[in-house]
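Novice: coordinates only, sequence not included:
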């Protein structure tokens, strides 16, 4: 990519000019959607995935300009480079090969003399064997009882994706091993988790690439003490998912097994690696995990191969940029009309905001345009009874609706008002998008709706592992595309470092105080001193 | 209140002028917080509740102007009117008496010839008796087995507050009756909930003021069919929380009992009424619920009686207005450093966004200023590993940190890096606020932090019901204050009506199709027709 800042791109100038005309009443969504061909023109479909952007504030000309931005920024070329294993994570000099984790074409990708694909296959085979042995009760705990539960210790990228997929697939298939997530260093997270497990039948999965993550190490230490106090042997109860050669990969330490993760897959893109693979295979079986990977792969192929104008994640990324940088919406809500997808928004919140919440271009220039926006969301119809008041009558923000054509529990069939629950759900989803777009005039201004509020709607066929995989890979590809077109690096996260350094400095003072009760906090700034004194005193 | 629009208030003009000066470098937070007296000046305390706003972008002069806005808008008088039972919900001609639900001073409040306080006492006594009888196994199901679980059917205001408080108190005390929440009309929500209960030992609590809420009625019908299929008698398994005289209050219907809710308490403010009272008393006992109410009452007294300059919710509301309307932040994150408070942000998201997401003043004039902002959040440190990248280096938004001085599981004591988990948690919380404010210069622009990002920090002593009550009532009072000062009605929600009407229209067509497979959707707009055809076809 050439070193041209986003704001200086020709397409951006054109889009900026066009955005002014969009204030005109004739571009109000209620006028735009009056065109009966609009849905056909402004929607895309790819095997089991449908994307309707007909209620976004755009027209033919604008869409053409957006695709010009894609071309000018060589978005498709960058994506293709990523898939091939080039160093697209430039600031960290790394590849970004989450797509290789589910590449069933099995073409070789050589990185630093190592074949990435066979490394991934090796780990997946190991996961398959281990999870089968646990599920078939061939591997048991210290007291020879089979495992029934697993606690997953890991935070951020080692947590949110796994929880999202576990929650979703639990609707589709009953887990054999129940998963419990322990991300937070908060001791109450640990305390509550151990109440829900039987120590003798519980496996602990510790996930950290570097095996130095503070929260994860602190919880590992709690787990080790917990096992020790119950005379349970860590070498029968604890596995690690970590980088080759990390402190967690040491075979001398008493561990049941270690599964490798790789520096060419970033944390927030890692749910299709061993990070998600091990816990999900334990819960549902490796075959289900593999079906999930196949769904991801299907979307990856589309994202990489479909031409720009037919490319769903690329188009969604362009619309994201249009909404944030030209229509100046500060946020994007993700509203799945589906309880099983309750973990989607928290996961995408991380994926998107950590990937795109940047202030510098990939080559180190300060940007003055918007990069990522705030992502939030809850399932519908719940959200309608929560924050949709503001969506309709407060400051507007675009919404992404997600509909699932077939629910899991389609045999439960009481009708209300002449319709089944799932039909009611859909009537609501469609009505919300329409209401946001159309608005409603009313002399009583409390009942007046401006309308012209944009939304997209995604449809998937069902909650099979394949469909969930397509959905996940769609969001990954879209995030990456948006990063490439904004000219930022969607794979680094230097913005989290400053807080870590300051926390580490503060920790030193607590450690001193723990060692010597007479230690005062006088060398600290007055606020930190005040807070620590309250903490040690134990009350306000 | 006089009919002056917010933007035309004298204090607003002054604040607008002052906001321009705040772009000056000397008002960068790193300079402001260099003042060692700042914390003392810009923090407030009231019995077990501490509010630190020293890292907000304000100074003495600005704060003075903010309090002038409070005076000019008669905020305290309005609050006092509300507590006394005046018709502060003007658009619906209702009182807003959630504070009466926990008013232990027991002064009489007469509303339409009825004494509100004795009505509330009556319902609470009924809750106390019923929950004791269920917990002591005096009331049992059809098969004479004692109840172990309860499914709470209710959505929005009949759901989020209850889930928040249930989740939080579960850390403090083990529930005797486990609660399961069934808000969503999604049939998969129902399907998943019934997998986790034993029908014979499960009580169903149906919460709807009007007893017409579509989602709640649809789930009630599923529940009735579920009971019927198992030969279980609804009159032994089902209770309602509803308005006197609603269709759910009919004694002829076979129900175990009905508990009244009142039109002077709005849904999103109703967790201290029977809406929260019944499920929470079943789970934890009425005494725990009462302790929770006492915490709320403590904060209510403070919110009503403390002078403006010492008033925590009033001050927080003013800062909210400063941030949204003058510094133009579009959102506010709520980050409790506490796993037990994971339900706080979703509840406040509803409370705040539904109360303040308005486009008209309380007397029906269209506003052109910002009203409510987007609320979102996850517990820390989890959030640090999720979306804090954007908080540090993307478009800024204010953050509210919440610290709990004493965790529940303070006996679990493995140390890491010389500190306990809870100390690590606090080091991180303090470090984040500091990093956001200070920023950091760096020649490498990928590692450069602008700083000047505002935050507040709230401290509570512990996770007792009293402390949780104070926290809830703080957010309620703050939301109400913000509404009063913006000149909007924080108690209505007309913005949710349009979607309901459109959904109802669409439902008619599905009902026709259910009756007659030959029915086509040709009279519908082309998009709705397209979606319904897919739904009936069952695939893309």
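Specialist: Now that the structure is in, tell me what you want to look at. Keep in mind that this is a model prediction, so the values were computed, not measured.

Novice: can we go C-alpha only for contacts and neighbour counts from here?
Specialist: Noted.

Novice: So for residue A:447, what's the nearest residue that isn't a sequence neighbour?
Specialist: residue B:494 (5.8 Å; C-alpha to C-alpha, 6 or more residues apart in numbering or on different chains).

Novice: no wait, residue A:424
Specialist: Here the residue nearest residue A:424, using C-alpha to C-alpha, 6+ apart, is residue B:507, at 6.7 Å.

Novice: in what helix or strand does that neighbour lie?
Specialist: helix B:497-515 (DSSP states H and E).

Novice: cool, and residue A:443?
Specialist: Going by DSSP H and E, residue A:443 is not in any helix or strand.

Novice: How confident was the prediction at it?
Specialist: According to the prediction, residue A:443 has pLDDT 94.

Novice: Spell out which residues belonging to the stretch 1-150 of chain A are near chain B, please.
Specialist: A:36, A:39, A:48, A:49, A:50 (C-alpha under 8 Å from any C-alpha of the partner chain).

Novice: per-residue confidence at the last one?
Specialist: Which is residue A:50. 98.

Novice: Kindly confirm my reading that it is in a strand.
Specialist: Yes - the assignment for residue A:50 (DSSP: H, G, I helix; E, B strand; the rest coil) places it in a strand.

Novice: Next, format the residues of the stretch 1-150 of chain A next to chain B as a markdown table and append neighbour count.
Specialist: Listed next are the residues of the stretch 1-150 of chain A next to chain B as a markdown table, based on neighbours: other C-alpha atoms under 10 Å in any protein chain shown:
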| residue | neighbour count |
| --- | --- |
| A:36 | 12 |
| A:39 | 17 |
| A:48 | 17 |
| A:49 | 18 |
| A:50 | 19 |
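
Novice: Closest to residue B:85 out of the residues you listed?
Specialist: Checking those against residue B:85 by C-alpha to C-alpha gives residue A:39 as the nearest, at 50.8 Å.

Novice: three-state assignment of that closest one?
Specialist: helix.

Novice: My read is that it contacts residue A:56, right?
Specialist: No - the pair residue A:39 and residue A:56 fails to qualify as a contact (C-alpha atoms under 8 Å) at a distance of 10.8 Å.

Novice: all strands of the stretch 51-200 of chain A, in order?
Specialist: A:110-111, A:114-115, A:149-153, A:178-182 (DSSP state E, counting those that start in this stretch).

Novice: closest one to residue A:166 among those?
Specialist: strand A:178-182 (7.9 Å).

Novice: What is the neighbour count of residue A:146?
Specialist: 20 (other C-alpha atoms under 10 Å in any protein chain shown).

Novice: Just give the closest residue to it, not the sequence neighbours.
Specialist: Per C-alpha to C-alpha, 6+ apart, closest to residue A:146 is residue A:140, 4.7 Å.

Novice: Please apply the same query to residue A:56.
Specialist: Excluding the flanking residues, the one nearest residue A:56 by C-alpha to C-alpha, 6+ apart is residue A:454, at 4.7 Å.

Novice: repeat for residue A:406
Specialist: residue A:462 (4.9 Å).

Novice: Tell me if that neighbour really is in a strand.
Specialist: No - counting by three-state DSSP, residue A:462 falls outside a strand, being coil.

Novice: Can you report phi and psi for it?
Specialist: phi -170, psi -170 (degrees, to the nearest 10).

Novice: Please tell me I have it right and it contacts residue A:410.
Specialist: No - contact criterion C-alpha under 8 Å: residue A:462 and residue A:410 do not qualify, at 11.0 Å.

Novice: Same drill for the two, tell me which one is more crowded.
Specialist: Neighbours were counted for residue A:462 and for residue A:410 using other C-alpha under 10 Å; residue A:462 has more, 19 against 13.

Novice: If we ignore the residues flanking it in sequence, what's nearest residue A:259?
Specialist: Per C-alpha to C-alpha, 6+ apart, closest to residue A:259 is residue A:241, 4.7 Å.

Novice: Please report how far the one you found lies from chain B.
Specialist: Distance, residue A:241 to chain B, by C-alpha to the nearest C-alpha, to the nearest Å: 18 Å.

Novice: Quick check: which element contains that residue?
Specialist: Per DSSP H and E: strand A:238-243 holds residue A:241.

Novice: just checking, next helix/strand downstream of that strand?
Specialist: Following strand A:238-243 in sequence, per DSSP H and E, is strand A:257-261.

Novice: what pairs with that next one, and is each one parallel or antiparallel?
Specialist: Sheet pairing for strand A:257-261, assigned by DSSP bridges, gives strand A:238-243 (parallel).

Novice: Can you get me the centre-to-centre distance for the strand holding residue A:241 and its chain?
Specialist: Chain-centre distance of strand A:238-243: 21 Å, with C-alpha atoms, centre = their mean, to the nearest Å.

Novice: Also stretch A:144-155?
Specialist: Once both centres are worked out by C-alpha atoms, centre = their mean, stretch A:144-155 turns out to sit 23 Å from its chain's centre.
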